[in-house]
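S.K.: Sequence isn't available, so here's the structure alone:
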């Protein structure tokens with residue numbers, strides 16, 4: 001593909017390490033996709049890409065095609081591995097919350113690593129975006145919106161046992177601000193962790209028939225034992241109420257995973273570029289209409 005012919009990839013770069021759910025120390029690694037064949041003095045906006053898998057499994061390698069597409073559009077893209085694992089069969093809500101919390105910790109560790117390595121990878125640290133699918137989208141949204149106070153409330157047991165959100169995985173210090181989010185069939189534990197102060201332009205993709213993560217309001221996997229989950233429609237409406245420019249692509253006939261990769265990544269790249277150019281996009285679409293005209 002065109003993307004493969006122009007970009008450079010650094011694979012299996014270690015960004016930190018931490019204890020997994022079984023008590024084992026795990027190396028945390030990522031792949032960095034550059035939009036050009038070699039590092040130059042030009043700086044490019046960064047997309048942190050987080051794969052899905054229900055916080056149970058999955059690997060950054062599954063994101064390769066997405067990352068190549070995005071990097072060919074002028075972004076440095078970092079696909080991360082993060083700590084996975086919890087006992088889904090027991091439907092243990094504390095367990096599930098801890099798995100989510102670990103992923104968010106690892107996402108922040110990855111961003112700190114990339115910000116401190118910005119020169120090496122040609123990253124413009126003024127424009128950092130998060131993107132993910134499924135559990136990766138949940139993580140991408142939480143990286144943007146969950147602060148420690150909200151974490152202590154909504155993830156109380158996890159924050160007590162796993163420590164702070166932003167100092168785990170590595171000892172690197174970095175200041176950064178996420179500028180936008182792409183959520184492909186993700187959710188948050190509450191729309192109210194999004195405020196006028198922290199609200200960011202966000203683009204959503206979701207199917208109304210999703211049985212894993214509700215497109216509006218419902219329970220993770222449809223299990224009543226899990227707390228309510230607020231999907232793309234609920235979060236889009238919250239952002240719109242707060243007058244934060246956002247876009248939602250809702251497929252009335254789609255399940256867990258909607259539209260093809262090219263459609264999603266073309267529109268996400270366009271949405272992020274519009275943020276960079278200070279011309280943010282808005283709108284909700286129930287048919288496959290691009291937000292990028």
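M.R.: In hand now; what should we look at? Just so it is clear, the structure is predicted and the values come from calculations on it, not from any experiment.

S.K.: residues of the longest helix seen in the chain that come out buried?
M.R.: In the chain, with assignment by DSSP state H, the single longest helix is helix 93-116. By 16 or more other CB atoms under 10 Å, the buried positions in helix 93-116 come out as 95-116. To be clear about C-beta, it is placed using only N, CA and C from the backbone, and glycine gets the same treatment.

S.K.: And stretch 35-45, by the same measure?
M.R.: Buried residues in stretch 35-45 (16+ other CB under 10 Å): 35, 43-45.

S.K.: Can you tell me which of the residues you listed end up in helices?
M.R.: Going by DSSP H, the helices hold none of the buried residues of stretch 35-45.

S.K.: can those go into CSV with extra columns for distance to residue 143 and pLDDT?
M.R.: CSV is the format used below for those (distance: CB to CB, whole Å; pLDDT from 0 to 100):
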residue, distance to residue 143, pLDDT
35, 22, 90
43, 21, 95
44, 19, 96
45, 16, 98
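
S.K.: out of those residues, who's nearest residue 150?
M.R.: Ranked by distance to residue 150 (CB to CB), these are led by residue 45 at 26.4 Å.

S.K.: which residues touch that closest one?
M.R.: Residue 45 makes contact with 74-76, 123-124, 127-129, 272, 276, according to CB atoms under 8 Å, 6 or more residues apart in numbering.

S.K.: just residue 262 next, same as before
M.R.: Contacts of residue 262 (CB under 8 Å, 6+ apart): residue 69.

S.K.: Can you name the next helix or strand after whichever strand or helix holds it?
M.R.: Secondary structure assignment for residue 262, by DSSP states H and E: helix 261-276. As assigned by DSSP H and E, the chain's next helix or strand after helix 261-276 is strand 283-285.

S.K.: Packing partners of that next one?
M.R.: With contacts defined as 3 or more CB pairs under 8 Å, 6 or more residues apart in numbering; DSSP states H and E, strand 283-285 has these neighbours: strand 246-251.

S.K.: Give the pairing partners of the strand it packs on; include direction for each.
M.R.: strand 202-207 (parallel), strand 283-285 (parallel) (DSSP bridges).

S.K.: Please identify the most buried of these.
M.R.: strand 202-207 (a mean of 27; mean count of other CB atoms under 10 Å).

S.K.: Okay, and the nearest residue in space to residue 32 that is not next to it in sequence sits in which element?
M.R.: Ranked by CB to CB, 6 or more residues apart in numbering and with sequence neighbours excluded, the top spatial neighbour of residue 32 is residue 10, at 4.3 Å. In this assignment (DSSP H and E), residue 10 forms part of strand 8-19.

S.K.: so residue 38 makes contact with residue 9?
M.R.: No - judged on CB atoms under 8 Å, residue 38 makes no contact with residue 9 at a distance of 11.7 Å.

S.K.: before we move on, back to that, other SSEs contacting the strand holding residue 10?
M.R.: For strand 8-19, the elements it packs on are strand 25-34, helix 93-116, judged by 3+ CB pairs under 8 Å, 6+ apart.

S.K.: List the buried residues of it.
M.R.: In terms of neighbour count (16+ other CB under 10 Å), strand 8-19 has its buried residues at 13, 15-18.

S.K.: Taking those residues, tell me the two that lie furthest apart.
M.R.: Taking CB to CB as the measure, the buried residues of strand 8-19 have their most distant pair in 13 and 18, spaced 15.9 Å apart.
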